[in-house]
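[1] What would the 3D arrangement of this be:
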Amino acid sequence: MIPVMARLVKPPAQDIVPRHRLDIFAAAVADKKVTLVTAGAGYGKTTFALGAIDEILLGSNLRKVVWYRPDRSDGDIHRFLAHLSAGIRHHYPDFWEDPAAITGNNSSDNPDIDSMAAGFLNALDAGVSHDLYLVIDDFHGLDRTGDVNRFLQTVLDCFPRFFHLVIITRSIPELKLSRLMSQRELNWVTQTHLAFDPDETGALLRHLSSASDHDSEVDDTTVNQLHQLSEGWATGLILLDSSLTKRLPSAVPEDRRFRGSQRLIFDYLEENVFSLISPDLQQFVLKSAILSTLHEDLCNRLLNIQSAGSILHHLEAHHLFTSAVDEDRQFFRFHPMFRDFLKVKLGMVFSSSQVAELYTLAAYLYEKQDKEQEALKHHILAGNMGDASRLLNHLARPIIKQNPPQMVKSLLSGIPEHYMDDEPWFQYLEAGYFALCNQLQMAAKGYEKVLRVFRSKKDEAGECICLMELAEYYMSTGDLKRSESAYKKILNKDKLSVYLTIIVQGYLIRVLTLLRKTGDADKVAKQAIGLLTQLDNEQSLKMCRGWIYTAQGFRHAYSGDYHKALELGELSKILFKTVGQYRFMSSSYFLISYACFYLGQFTKGRSAAREGIANDREHRISDEFSQFLHLLEARNSLEMEEGSCDLIMRAGDQARQSLSFFQENAFPGGVAQAFLVLHKACLKDGDVLQAESCLRSGIDAIEDHDMPLIKNELKVALSQLLFYSHGKERNSEAMALLKDAEQELLYSGWHMCWTSRIYARYYWEHGHKETAFKYMIYSLKISEEEGFDPWILSEKAWVIPLLVELLSVNAMPQYLKRIFMALGDEIKGELTRLKDGEHPAIQKTVARILKMIPQTPAPPITASFFGQFKLFVGDREVPASNWRSKKARDLFKYLLCMRHKGYLDKEILMELLWPDGDPKKSAQRFHVALASLRKTLEPDIIKGTRSSYIIRSGTAYRIDIGKGGRVDIDEFRNAFDTAAKEPGEAERVEWYKKAEAVYKGTFLLEDPYLDWCAEEREKYQQLYLTALKKLIEFHDAHREYTACITYANKYLKTDKYSETIIRQLMAYYVKSGNKAMAIQTYDRFKTVIRNDLDCSVSQETQLLYTQLVTV
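    The predicted structure is shown next:
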C-alpha cells in the first residue's frame, strides 16, 4: 500500500510538447466547477491535468491544489474523507481537524452521507478562503460501494463558489452531471480530445528524437505510419519511438520497423489493462480479438454466450481500448495495438489446436454472412488450406483488383511454403501481389507459370483468369496481337459467366481500337451491350455498363471523337462511384483528362487527372493508369496560359517519374508518352536540344511496336520542332517526318488540324501565301466543326498576320470573327503594327477587327505603402527601375494615398512637387511627369486612347485602381475602423487581426524626407500599435499567452522602448513556463535603454522582474 502522504502529493511537471488544441479545455479548469477527464490508460489524462493545474498556480499564489491519488482501499468513505481532509490541511492547517467526530459515529455498513457532506461543506466554508482545486486521480478504481459517489454528488449539489473538482478516470463516474452541463459548469475532456492528431504526433516524435542521444529527423512517412498504428495513443507513441526507422538500417523491411518496441507495449497493456479486468472479460477479449469488427450476434455465436452486447458496451464505457464504429453503436473494434497484443496473448493462453478451432468457427460464421474475404482470411489463419483454395477460386481476382498490396501480403504470409507449390490459386495470388507492387515482369512470369498449372489441371476458370491478367500485361507492353489472341481465347471458353464475358469484351474493344480495327471493336461493343439484359443484379449491371462506356470511350478517343469520349468518361465515372469500383474509376479519370487535353479544356483536364490521382492514393491503387494520370496532369498543365516556373518544374518531375516507372516495367507505350510530355516541359524551359532528344528517344522506344498514334504524334512534334527551332538545313527531315505521319493520322480531325497548321506556318514564312491559305483554311474548317478553338488561339504568336489576310479576302469571316473576339486585347499590339503597314486592305481589315474586339476592363492596381512601396498592374509588377521619372513616382504615390479625397487640383500637385518653382515651368514639368506616369502604368497604350487609371476632371486628377484593385493602407484603415465599431468581442478581434496582418512595416520606408509622408507615417504607426494593444488585451483575458508573446514582440519591433509592453512580455514568458526568456528579455531591454537613452529601467519593472524570477 502506498503511504498516505505520498498519495497526496502532486506529481512533478512532465516534459511535454505544447498542445494548443487543448488550451481551451485547460483554461476552463480554472473557471468551471467540475472538470471530468475520461480516457483509457496512457492517453495523457494526468499530463493534461498537471499542465492545467500548473497554469492555475502560476496565475496566483492564493490558489491551492489538493492532488489525491487514492488506491483501492480508499473506497471506504471514512478513509476517503480522512485522506482528503489531510490533503486540505496541508494548505489550511486548521481545516476540519477531527472529521472522525462526524464520520466515526457512522457505521461502515450504513454511513450517514448527508452528515458527512454537511460537515465537509461547513469546514470548507469556515476554513478555506480562496480558490481550492481538488484533483482526484485514477477515480475509476476508487469506489466499490458507491459511498464516495454519493458523497461527491451531495457536495456538488451545494457547490461552494471557490471549490473546483477535477476527476481523472477511465470510466464515467456515476454522478448526475446534467445540471452542471446545463449551467455550463462542466468541463469534459474526452479520449477523443486527448488523442494526438497527426500534427501533434509529429511534434511529439520530434521532441522525443531531440531529447534522445540521436539527432536524426523524423520523416513524415514515419510520422504517418506511427499515427495510423497508434491512433493518437500517447503511451503507444512514446513506446513505439524506440523502434523508429531512423534507428534501423535503411534496408529493414517495413513490417519489421516497430518490432523493437512490441515487448514494451505488450508489457504495458498486460500490466495496466488486461490484468485489471475480470477473468470472464479476459476470455471475451482474447477470443473476440480474432474478429476485425465486433458485433453482438457474431461474438455470441463465436463464444457461445448471450451477453456480448452488454460486454461490448461495458468495454467501451470503461475505455478498455474498445470503440464503436457506427452511430447506432452496433459494431465495435479494438484499438489496433491492443488487438495485436490480444492475438499474441491468445496464442500464449490457448493451444495451437484450440486457436485453429476458433479461427475455423469464425471462418464458417463469416461464410454464412456472405463475408467471404473475411472467411478466407480466417481459413488461412486456421490452416484450412482446402477451404481457402475453394474460396480463392472465385475471390482471387476481386481481391487483387479491390485491395491494397498490404492486405494481399497479409493473406500470403499465412500460407505455408509447401502449399504454394501445390495450390495454383495461391500462386495466382502471389503473382497478383507482384502486380500490385508494380513488379509487373515478375507478375507476368508468375501468371504464365500458374497458367500452365491450371491447364494441366483442366481448370478452365483459373485459365481464364490468368489469360485476362496476361492479356492486360501484353496490351500495356505493346504486344497488341498477343493481347488480342489471349482475350479471344477467353471468350471462346464455354463456362464463362456473363459478367466476366462483358469485362473481357471491354478490354478487347480497347485492344482492337489500338490495332485500328474499329469495325471489329464496334461489333464487340454491340455484343457486350446485348448481354447486359442477362445480368441478374443491379450492382453487376451498373459495373458492366460503366465498363462498356469506358471501352467505347477509348474507341472514340483514339478515333478522334473527343466530345463523345468525354461524355462516356463522365458517365462511367458516375456508375463506378455508385458501385464502389474505385480501381476502375482510374480509367474514367484517364479518359476524361485525355479527351479534355485534345479539346483544349486544359484546366478541366488537369483537375480530372488530379482527382484520379487522389482517388488512387485514397484507395491505395498503384498501376499503369496511375502513372498515365500523372502524365496527363503534366500534359494539361504545360498547355495552360498561366504556366509558372514551378508548374513547369512539377510537370517535368511528373514526366520523369512516370518515365522511370514505364522503363522499369518495360511499357514502351508509356515510355513514349512520357518522352512526349517531357519534350514539352523542356521546350517551356528553353532547352530545345533536350526536347529534340526526348522526341527521338520516344520514337526509338516504340520502333518495334505497332503503336501508330503515339509514334506519329512524336513524329509530328519532332517535325514542328525542327521547322521552327533550327535552321533551314533541318527542313527536309522535318518535311519527311510530317508527310510520313500525316498519312497515318488521316482518321483524326485533331491531328489533321495540327499538321495543317504546321504546313500553313511553313509555307507562310517561306512566302507561299496561296499554299499557306489552303492549309490554314483546311485547319480552320476542322477546328470550327470540332471545337478546337483553343489550339488556334495558342498559336497567336505567329498566326495573327495570316488570319488578318484571310479575313481581308473574306475567308471564313464568321469563324475568324469568333477567334479574334476570343483573343481580345492581347493582340491589339500586333494589330496596331499591322495597321501601320502600307496595305490599305490590311489596314481596313484591322480597323474592323479592332471594332469587333470587346473592350475589356483594365487590370486592377494593387499597391503597398507599408514597408517598401510595391506596385502591381494586374499580375505585372512595376519595379522601381521601370519609373523613368522620380517625380512621376512621387506624384502617383500622393494621388494614390489621397485617393479618398477625390479629385486633386493641378495647382496643389505642382506645389507639392515643385514648391518654389516657376508656375509655367512647373506646369510643363507636371505634364511631362503625368505622361511618364501614364506610360509606366500602361506601356502598351495606343496613342490617343484615354488612360484607364489617371482620371481627369477639368484641371483636377485622381487615380482609379479599377475593379478588384487593392491598396494596403485602405484595407488597414477599413479593418481598424470596423473593429472600433464592432460590438461583438470575437468579431472585433478578428478585424484587429486583419489590420495587424496588413501592416508590413513603416509607411513608405524609402521616402524618409518627403514632408507629406511624415504625418501619414506617424498616423498609421499609432493605429497599428493600438491594434496590437487590443489583441494583447484579448489574448491575456483568455490566458492565451503564446499569442500575447507574439503580439508583444511585434509591438516592440515598432516601439522598442515601451516599458509597459516589456513588463507584460516578461510576465507572459513566465506564465508560459519559459522563465529563461523572461530573464533574457529584461537583460536585453536594460542594455538597449542604457546604450540608446543612457538611463536605467524603472523601479516598477525591476520589482516585477524580481517577483517573476522567484516564482
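[2] so where's the stretch 1001-1111 of the chain shaky on pLDDT?
    Counting by pLDDT under 70, the stretch 1001-1111 of the chain shows low-confidence ranges at 1110-1111.
[3] repeat for the stretch 651-800 of the chain
    Across the stretch 651-800 of the chain (using pLDDT under 70), nothing gets flagged, so there are no ranges to list.
[4] Pop the domain breakdown of this structure in here.
    5-194, 198-272, 767-854, 861-964, 971-1109 (automatic domain parsing).
[5] I'd like those domains as JSON lines, with distance to Thr603 and mean neighbour count appended.
    Where you see a C-beta, it was placed from the backbone N, CA and C, and this is true even at glycine. Below are the domains of the chain laid out as JSON lines (distance: least, C-beta to C-beta, whole Å; neighbours: other C-beta atoms under 10 Å):
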{"stretch": "domain 5-194", "distance to Thr603": "36", "mean neighbour count": "17"}
{"stretch": "domain 198-272", "distance to Thr603": "29", "mean neighbour count": "16"}
{"stretch": "domain 767-854", "distance to Thr603": "11", "mean neighbour count": "16"}
{"stretch": "domain 861-964", "distance to Thr603": "17", "mean neighbour count": "16"}
{"stretch": "domain 971-1109", "distance to Thr603": "29", "mean neighbour count": "17"}
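[6] Lowest average confidence across these, which one?
    Lowest mean pLDDT within the domains of the chain: domain 198-272, a mean of 70.
[7] Next, the distance between the ends of that one.
    25 Å (C-alpha to C-alpha, to the nearest Å).
[8] which outside residues touch stretch 658-668?
    438, 440-441, 476-478, 624, 627-628, 630-631, 669-671, 673-675, 677-678, 701-702, 705, 707 (C-beta atoms under 8 Å, 6 or more residues apart in numbering).
[9] Quick check on those: which are buried?
    Buried members of the contacts of stretch 658-668, counted by 16 or more other C-beta atoms under 10 Å: 438, 440, 476-478, 624, 627-628, 630-631, 669-671, 673-675, 677-678, 701-702, 705, 707.
[10] How many residues are close by Asn712?
    22 (other C-beta atoms under 10 Å).
[11] got a list of what it touches?
    Here Asn712 is in contact with 740-741, 744-745, 751 (criterion: C-beta under 8 Å, 6+ apart).
[12] Looking at the residues you listed, which are in helices?
    Under the assignment DSSP state H, the contacts of Asn712 contribute 740-741, 744, 751 to helices.
[13] and of the residues you listed, the nearest to Tyr992?
    Nearest to Tyr992, judged by C-beta to C-beta, of these is His751 at 60.1 Å.
[14] From the contacts of stretch 658-668, which land in helices?
    Going by DSSP H, the helices hold 440-441, 476, 624, 627-628, 630-631, 669-671, 673-675, 677-678, 701 from those.
[15] Return the set of residues that bridge with Leu36.
    Per DSSP bridges, the residues bridged to Leu36 are Ile167, Trp188.
[16] pretty sure Arg620 belongs to a helix, no?
    No. Read with DSSP: H, G, I helix; E, B strand; the rest coil, Arg620 is coil and lies in no helix.
[17] what's the distance between it and Cys437?
    Distance, Arg620 to Cys437, using C-beta to C-beta, to the nearest Å: 11 Å.
[18] now Gly580
    23 Å.
[19] ok, now His378?
    Distance from His378 to Cys437, by C-beta to C-beta: 25 Å.
[20] Could you say which helix or strand holds the residue nearest to the spatial centre of the chain?
    For the chain, Ala614 is the residue whose C-alpha lies nearest the centre (C-alpha atoms, centre = their mean; 9.9 Å). Using DSSP states H and E, Ala614 sits in helix 602-618.
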